[in-house]
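Enquirer: prediction below, plus the sequence it came from.
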Amino acid sequence: MISAHSAAAVRAAEEPLLAARRPLMATAAFALATRVAAALRREGYRVSGSIVLLLVGGGNNGGDALFAGAHLARRGCLVHAALLGRAHAGGLAAATAAGVQVHDLTEDDDPAGAVLELAGWSGVWVDALVGIGARGALREPLARVVEALAEERAENPGGAIVVAVDVPSGIGVDDGTLPGPVLPADVTVTMGAPKPGLLLPPAADLAGRVEVADVGLDALDDAVPAVCRLTGDDVTALWPVPGPGDHKYTRGVLGLVAGSQTYPGAAVLAAAGALRTGLGMVRYLGPEVPTALVHQRFPEVVAVPGRVQAWVLGPGVGPEPSVRSEEVGEALAAALAAHRPVVLDAGALALLGETFTDLPATVVLTPHAGELAALLTARGEETSREDVEDAPARHARLAAEITGATVLLKGATTVVAAPDGPLYAQAEATGWLATAGAGDVLAGMVGALLAGYGDLLSGELHGALPSDGAGLPARLAAAAALVHGRAARTAAGLTGEATAGGAGAPVTAMDVAAAVPAALRALLG
Ligand SMILES: NC(=O)C1=CN([C@@H]2O[C@H](COP(=O)(O)OP(=O)(O)OC[C@H]3O[C@@H](n4cnc5c(N)ncnc54)[C@H](OP(=O)(O)O)[C@@H]3O)[C@@H](O)[C@H]2O)[C@H](O)CC1
Ligand SMILES: [K+]
């Protein structure tokens with residue numbers, strides 16, 4: 001699992017080390033210099049003779065860069081430091097002594113112009129304007145400098161390598177927002193632990209490859225992270241693998257109230273997602289047309305009421321009141337009365353405006369940005385789709401707090417929030433996954449996992465959730481998002497790992513469901 005910690009948690013972890021006079025900045029700077037050199041070599045450049053431009057702000061973030069610049073100068077780099085704030089005194093002294101050429105632009109009439117000129121000769125730009133000490137959007141003149149560099153980079157994408165120190169300057173460190181201009185990085189060398197903004201959209205998209213420099217912040221090992229990203233190993237540990245003694249009720253039965261006469265296909269897609277995820281049985285309850293379609297594709301689905309351990313309600317049901325949405329409401333009331341975990345998708349989300357106001361975290365909402373905006377607005381928090389897209393984590397958390405439910409916000413990076421505990425941010429998806437029906441498949445997958453843990457989540461097995469059980473629905477939802485993304489990559493002809501390159505090819509939602517077993521095989525072995 002990749003764990004990100006807030007700026008405050010990192011400072012708290014630093015405190016005792018700084019009090020004990022541990023040379024954190026020296027460690028950070030050495031790691032930064034090493035990573036800059038590695039980035040140069042990866043691009044096929046020699047370290048010695050490369051020209052490096054340090055963009056130095058007035059805090060310790062700039063200090064890291066100045067000390068790193070001294071190391072790089074000693075390794076034969078030609079290092080320029082553009083000072084855009086009152087520079088860290090020790091760092092400046094070390095840099096000057098090592099032969100770094102210092103350009104004090106604090107009083108310059110046109111600092112953006114001066115920086116652009118230096119940037120034009122340089123093979124690496126080290127962004128050390130602000131780190132975790134940033135408050136809000138970059139102020140002038142930093143904003144202008146960053147805008148000019150970002151424009152230059154956009155026009156000349158194969159140009160300099162951009163290395164951000166700790167975070168790309170100016171991102172919302174704790175919430176992943178972009179309050180103002182930010183220079184996109186190729187590499188972010190982050191100190192001690194990733195910061196939430198390096199995992200959360202939209203800021204995470206500007207961080208490039210995130211490399212963690214170990215500066216010995218051991219206290220973070222025991223701290224609850226602010227944001228997590230599950231990796232394949234976490235999913236392997238979490239996925240319910242049946243043993244020889246299992247039968248369909250121990251594996252989990254999922255009740256599915258999805259699809260309508262208007263949108264019958266969603267029933268098939270949600271059933272496909274659930275069945276490919278692996279569970280004991282899908283019990284489908286719906287009108288004639290979707291039932292026939294489901295049976296045509298999956299004869300194993302049972303279409304009569306009976307015992308169920310978790311529910312998926314709403315895919316393929318419109319948001320407007322209808323007979324079908326009433327059925328969804330009745331199923332939700334029954335599921336809640338039986339303390340069963342539930343996934344609420346599409347039309348089911350529209351029920352949460354006035355009724356079902358106080359939900360347990362075992363209810364997982366799976367909105368996209370527009371649906372989340374509508375839900376929040378219906379709950380008195382006027383919100384647009386753009387508001388959600390600008391700050392997905394904040395809005396997912398707000399919806400979780402207001403409803404009590406776990407919220408899986410779909411997007412290129414899927415964010416999962418519970419009313420408390422860490423957020424999850426899963427970024428396995430490929431652009432090909434943005435296709436009709438992919439959300440129905442995901443709802444079925446989350447439902448199947450909840451069904452697998454259904455008796456546990458209902459408190460039936462142990463009378464109570466295990467100690468980490470409060471976060472279990474969020475973890476399961478994040479695991480489903482990971483496998484959904486990897487299945488899409490597999491179906492698109494890409495390798496399962498999100499870091500691998502290649503363009504791939506289009507996929508349908510059914511292709512994604514069909515590729516879930518292959519994605520799982522790669523994970524479960
Ligand atoms: N603590 C340590 O020994 C270590 C820290 N590391 C690195 O340090 C930074 C955090 O350093 P800090 O000095 O606390 O803060 P920053 O450098 O991130 O930023 C502070 C300066 O930035 C100015 N500022 C703040 N917000 C803005 C803004 N929106 N626009 C422009 N300028 C801004 C601020 O000026 P003020 O006038 O607002 O006070 C400061 O000048 C951390 O990120 C690490 O890189 C080491 O890595 C480990 C040791
Ligand atoms: K920075």
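Expert: Received it, and whenever you're ready, just let me know what you need. Ligands and ions are numbered 1, 2, ... in the order given.
Enquirer: ok, the residue located most distally from the centre of the chain to ligand 1 distance?
Expert: Of all residues in the chain, Ala97 sits farthest from the chain's C-alpha centroid, using Cα atoms, centre = their mean; the distance is 42.1 Å. Here the distance between Ala97 and ligand 1 works out to 20 Å (Cβ to the nearest ligand atom, to the nearest Å). No exception for glycine: its C-beta is placed from N, CA and C like everyone else's.
Enquirer: doesn't Leu55 belong to a helix?
Expert: No: using DSSP: H, G, I helix; E, B strand; the rest coil, the secondary structure at Leu55 is strand, not a helix.
Enquirer: ok, it - contacts?
Expert: Leu55 makes contact with 65, 82, 84, 115, 125-129, 145, 149, 169 under the criterion Cβ atoms under 8 Å, 6 or more residues apart in numbering.
Enquirer: which strand or helix spans Gly370?
Expert: Using DSSP states H and E, the secondary-structure element containing Gly370 is helix 369-378.
Enquirer: now that helix, how far from the chain's geometric center?
Expert: In this view, helix 369-378 has its centroid 20 Å away from the chain centroid, taken as Cα atoms, centre = their mean, to the nearest Å.
Enquirer: again with stretch 72-79
Expert: Here stretch 72-79 shows a centroid-to-chain-centroid distance of 36 Å under the convention Cα atoms, centre = their mean.
Enquirer: residue ranges of each domain in the chain, please.
Expert: Dividing the chain into domains by automatic domain parsing, as the record does, gives the ranges 2-229, 235-524.
Enquirer: between these, which one is closest to ligand 2.
Expert: Closest of these to ligand 2 is domain 2-229, at 4.0 Å (criterion: Cβ to the ion).
Enquirer: how far away is Val56 from ligand 1?
Expert: Between Val56 and ligand 1 the computed distance is 10 Å (Cβ to the nearest ligand atom).
Enquirer: please tell me I have it right and that residue contacts Gly62.
Expert: Yes: if you go by Cβ atoms under 8 Å, Val56 and Gly62 touch, sitting 3.9 Å apart.
Enquirer: residues shared between the contacts of those two?
Expert: 83, 85, 87-88, 91, 128-129.
Enquirer: show me what contacts the residue farthest from the centre of the chain?
Expert: Under the criterion of Cβ under 8 Å, 6+ apart, the contact list for Ala97 reads Ala70.
Enquirer: ok, Thr403 next?
Expert: Shown in contact with Thr403 (Cβ under 8 Å, 6+ apart): 352, 357-359, 363, 365, 375, 379.
Enquirer: is it possible to get JSON lines of those that adds pLDDT?
Expert: Compiled in JSON lines, the contacts of Thr403 are given as follows (pLDDT from 0 to 100):
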{"residue": "Leu352", "pLDDT": "94"}
{"residue": "Thr357", "pLDDT": "85"}
{"residue": "Asp358", "pLDDT": "90"}
{"residue": "Leu359", "pLDDT": "95"}
{"residue": "Val363", "pLDDT": "97"}
{"residue": "Leu365", "pLDDT": "98"}
{"residue": "Leu375", "pLDDT": "97"}
{"residue": "Arg379", "pLDDT": "96"}
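Enquirer: give the ChimeraX command for selecting the buried subset of those.
Expert: A single ChimeraX command selects the buried members of the contacts of Thr403 (16 or more other Cβ atoms under 10 Å):
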select :352,359,363,365,375,379
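Enquirer: out of the contacts of Thr403, which are inside strands?
Expert: Under the assignment DSSP state E, the contacts of Thr403 contribute 363, 365 to strands.
Enquirer: specify which member of the contacts of Thr403 is nearest to Ala513.
Expert: Minimum distance to Ala513 across the contacts of Thr403 is 21.0 Å, recorded for Leu365 (Cβ to Cβ).
Enquirer: quick revisit: by contact count, what packs against the helix holding Gly370?
Expert: Using 3 or more Cβ pairs under 8 Å, 6 or more residues apart in numbering; DSSP states H and E as the contact criterion, the neighbours of helix 369-378 among helices and strands are helix 385-390, helix 392-403, strand 406-409.
Enquirer: Gly502 contacts Trp432, doesn't it?
Expert: No: between Gly502 and Trp432 there is no contact, the gap being 11.3 Å when judged by Cβ under 8 Å.
Enquirer: these two: who's more crowded?
Expert: Comparing Gly502 with Trp432 by other Cβ atoms under 10 Å, the one with more neighbours is Trp432, at 21 against 11.
Enquirer: look up how far Gly232 lies from the more buried one.
Expert: Trp432 sits at a distance of 20 Å from Gly232 (criterion: Cβ to Cβ, to the nearest Å).
Enquirer: kindly report the same for Ala223.
Expert: For Ala223, the distance to Gly232 (Cβ to Cβ) stands at 24 Å.
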